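*Asks:* Sequence first, then the predicted structure, then my questions.
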Amino acid sequence: LLEATVVGTVNSGASETITVNDGSSVSFDGNFIKEDGSSYSGAVDVIMHHLDPADEDMPMQMPGMLYAENEDGAERMLQTLGMLAVELRGSGGEELNLAVGSTSEIKMPVDPSLMSIAPATIPLWHFDEARGYWKEEGFATLQGNMYVGTVSHFSFWNCDIPAEAITLCVTATDEEGNELNNLLVTITSSTYGTSEGQTNEKGEVCGLVPSNEALSLNIYLHNNCNNSPIYTSTIGSFSSDSNITIIIPDIPSFIGETVIGTFNTCDGDAVTNGYVKLVYGDLSYIDSVINGEFEISLLRCPENNTFSIKGVDFNNLQLTTEINYTFTSPTTNIGVINACNSSVEFIQYSINGVDSYLAIDDISCIFYVNWDGSHTLSINDSTNGNSCLNILGTLNQESYIGSYSLNLPVSDISEPHFSMWGECIGLYWTSTPNNESTLTFNLTSFGEIGEYVDINFSGTIIRDGDNIDTISGIVHVLRDY
């Protein structure tokens with residue numbers, strides 16, 4: 001999150017420039033408008049942040065990801081050489097922008113570590129808050145160590161090298177062909193930097209990579225043992241979507257483990273609808289339970305031989321405590337665990353009155369104020385190790401309680417609305433969702449940290465052409481922040 005710190009004040013009718021300590025600057029011709037398009041006269045507070053890609057915190061500060069649409073409408077990957085976020089506010093706190101026909105010159109420094117790849121001319125990209133990705137608009141030129149460009153409105157502006165991208169899927173197996181899950185896979189481009197992902201239960205991870213370029217691939221067992229890769233190679237180049245399989249030879253320093261057991265209800269019956277989660281270091285392993293039996297396999301390092309287990313019983317809304325164990329190689333039988341603790345929070349909803357979804361654990365609920373002053377409520381469920389459900393709301397600032405409509409695509413990110421998407425039941429919309437979709441979110445309780453947030457929602461979603469889904473659900477979660 002970026003603080004809304006005013007770095008300077010300019011006045012309508014006057015040409016002025018605001019410069020911050022690192023040399024970033026914005027010039028103004030003195031012509032400003034309000035959100036309704038009417039002219040503004042008076043003092044203008046300037047809020048500005050330069051985001052440096054050499055800063056390890058930048059991925060947490062920038063909006064979205066480095067995915068973009070160029071001027072021809074084609075998708076691109078980006079390598080950023082710097083971003084500039086600018087917001088303008090009037091004397092009454094109202095949001096302002098440049099008047100129609102006005103422009104501003106922006107300057108942002110290039111980190112010395114990136115000067116060797118900095119082109120003389122680079123495309124400028126602004127972040128489209130309604131669509132959630134970057135769009136090409138104009139260019140900047142390199143003058144000394146500064147990129148200088150001209151913009152006609154304010155948002156996040158980004159100096160980036162674009163790349164054509166293909167989707168690459170990597171599957172990791174051992175020499176016997178067993179698929180290896182929860183491995184960290186990194187792919188590095190000499191031009192566009194490093195991206196990473198984690199293999200799923202099928203040993204597979206997929207993502208966009210630059211086309212027609214040799215790439216460096218490294219596979220890690222995360223940070224449970226050390227930071228050295230267990231496999232490294234050069235792959236590519238790829239001119240189209242591709243799938244590759246990486247065979248990782250047996251490494252003696254890692255120990256194969258299998259954890260088995262029985263998961264029962266508090267009454268001693270086999271759990272028929274739930275899951276067991278094993279946590280080892282910074283990794284989580286999930287096994288869905290149908291008849292009470294579970295089995296989880298993993299690799300571990302010799303110096304770390306402890307793990308924890310937690311079980312969730314959906315039918316009875318109960319779960320176990322987190323129980324700690326020590327491996328007894330090669331198989332650890334933990335015996336019987338019982339779910340006797342009642343869930344204190346849950347998310348439940350149905351699609352078309354049939355497909356029911358339930359979460360009672362691994363739910364986060366966070367409230368925060370954005371750099372532009374808007375108030376956001378973010379609820380995320382990571383049941384089964386996936387980002388299953390995301391509910392994101394921009395709240396009324398007078399009173400959070402009330403009804404909100406689905407607003408997708410979002411015409412103004414600061415206007416009160418809710419949106420929802422999720423992996424586990426396929427709640428993903430196309431890039432141009434139907435504006436006739438109707439979904440109402442009723443925020444009925446908004447507690448302090450440690451207290452409950454309650455939402456009920458219902459309506460229809462029109463997606464993938466003419467498919468209509470009726471959705472209804474309830475959220476009863478504890479506020480974490």
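*Replies:* Nice, thanks for sending it over.
*Asks:* wait, doesn't Cys159 sit right on Leu81?
*Replies:* Yes - Cys159 lies in contact with Leu81 (CB atoms under 8 Å); the separation is 4.7 Å. Every residue, glycine included, has its C-beta placed from N, CA and C.
*Asks:* next SSE after the helix or strand in which Asn333 is found?
*Replies:* Here Asn333 sits within strand 331-339, counting by DSSP states H and E. Downstream of strand 331-339, the next assigned helix or strand under DSSP H and E is strand 341-342.
*Asks:* strands paired with that following strand, and their directions?
*Replies:* strand 318-319 (antiparallel) (DSSP bridges).
*Asks:* which outside residues touch the strand it pairs with?
*Replies:* 265-266, 310-313, 339-343, 360-361 (CB atoms under 8 Å, 6 or more residues apart in numbering).
*Asks:* Recalculate using a threshold of 7 Å.
*Replies:* Strand 318-319 has contacts (CB atoms under 7 Å, 6 or more residues apart in numbering) with 266, 310-313, 339-343, 360-361.
*Asks:* Look up how far Pro302 lies from the closest residue to Leu98 other than its chain neighbours.
*Replies:* Once flanking residues are discounted, Leu98 sits nearest to His153: 5.7 Å by CB to CB, 6 or more residues apart in numbering. Using CB to CB, to the nearest Å, we find His153 at a distance of 58 Å from Pro302.
*Asks:* shaky segments in the stretch 101-250 of the chain?
*Replies:* 130, 191, 222-224, 226-227, 250 (pLDDT under 70).
*Asks:* ranges for the strands of it?
*Replies:* 104-109, 121-128, 133-143, 146-151, 156-163, 165-173, 184-189, 193-198, 204-210, 215-220, 231-235, 242-247 (DSSP state E, counting those that start in this stretch).
*Asks:* Mind giving me the packing neighbours of the helix or strand following the last one?
*Replies:* Pointing back at strand 242-247 there. Sequence-wise, the next helix or strand downstream of strand 242-247 (DSSP H and E) is strand 255-265. Helices and strands touching strand 255-265, by 3 or more CB pairs under 7 Å, 6 or more residues apart in numbering; DSSP states H and E, are strand 274-280, strand 293-300, strand 331-339.
*Asks:* Would you verify that Met60 is located in a helix?
*Replies:* Yes - judged by DSSP: H, G, I helix; E, B strand; the rest coil, Met60 forms part of a helix.
*Asks:* hmm, back to that, output the helices and strands packed on strand 255-265 in TSV; the columns should cover distance to Gln143.
*Replies:* Output for those, formatted as TSV (distance: least, CB to CB, whole Å):
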stretch	distance to Gln143
strand 274-280	52
strand 293-300	52
strand 331-339	63
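*Asks:* So which of those is the most surrounded?
*Replies:* Highest mean neighbour count of the helices and strands packed on strand 255-265: strand 274-280, a mean of 22 (counted as mean count of other CB atoms under 10 Å).
*Asks:* got the angle between that one and strand 331-339?
*Replies:* Strand 274-280 runs at 130 degrees relative to strand 331-339, counting by axes from the mean of the first three to the mean of the last three CA atoms, to 10 degrees.
*Asks:* Any idea which of the helices and strands packed on strand 255-265 gets closest to Gln397?
*Replies:* Closest of the helices and strands packed on strand 255-265 to Gln397 is strand 274-280, at 37.7 Å (criterion: CB to CB).
*Asks:* Give me the contacts around the closest one.
*Replies:* Here strand 274-280 makes contact (CB under 7 Å, 6+ apart) with 224, 259, 263, 284-289, 294, 296, 298, 300, 307-314, 384.
*Asks:* buried stuff in stretch 316-335?
*Replies:* Residues of stretch 316-335 classed as buried: 316-320, 327, 332, 334 (neighbour count, 16 or more other CB atoms under 10 Å).
*Asks:* quick check: mean pLDDT across stretch 310-325?
*Replies:* Mean pLDDT, computed over stretch 310-325, is 92.
*Asks:* What of stretch 294-306?
*Replies:* In this model, stretch 294-306 carries a mean pLDDT of 87.
*Asks:* Distance across that stretch, terminal residue to terminal residue?
*Replies:* Distance across stretch 294-306, first residue to last, is 18 Å (CA to CA, to the nearest Å).
*Asks:* circling back to that earlier point, could you take the strands of the stretch 101-250 of the chain and lay them out as a markdown table, with extra columns for mean neighbour count?
*Replies:* Output for those, formatted as a markdown table (neighbours: other CB atoms under 10 Å):
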| stretch | mean neighbour count |
| --- | --- |
| strand 104-109 | 20 |
| strand 121-128 | 20 |
| strand 133-143 | 18 |
| strand 146-151 | 19 |
| strand 156-163 | 23 |
| strand 165-173 | 19 |
| strand 184-189 | 19 |
| strand 193-198 | 15 |
| strand 204-210 | 20 |
| strand 215-220 | 19 |
| strand 231-235 | 14 |
| strand 242-247 | 14 |
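*Asks:* would you list those strands in a markdown table and tack on distance to Met420?
*Replies:* A markdown table is the format used below for those (distance: least, CB to CB, whole Å):
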| stretch | distance to Met420 |
| --- | --- |
| strand 104-109 | 35 |
| strand 121-128 | 20 |
| strand 133-143 | 19 |
| strand 146-151 | 33 |
| strand 156-163 | 24 |
| strand 165-173 | 25 |
| strand 184-189 | 29 |
| strand 193-198 | 24 |
| strand 204-210 | 24 |
| strand 215-220 | 33 |
| strand 231-235 | 37 |
| strand 242-247 | 31 |
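*Asks:* wait, which of those strands is closest to His476?
*Replies:* Here strand 193-198 is closest among the strands of the stretch 101-250 of the chain (CB to CB), at 29.8 Å.
*Asks:* so what strands line up beside that closest one?
*Replies:* Going by DSSP bridges, the partners of strand 193-198 are strand 184-189 (antiparallel).
*Asks:* Not counting its own residues, what contacts the partner strand?
*Replies:* Identification of contacts with strand 184-189 by CB under 7 Å, 6+ apart yields 170, 194-199, 205, 209-210, 213, 215-220, 222.
*Asks:* go with 6 Å
*Replies:* 170, 194-198, 205, 209-210, 213, 215-220, 222 (CB atoms under 6 Å, 6 or more residues apart in numbering).
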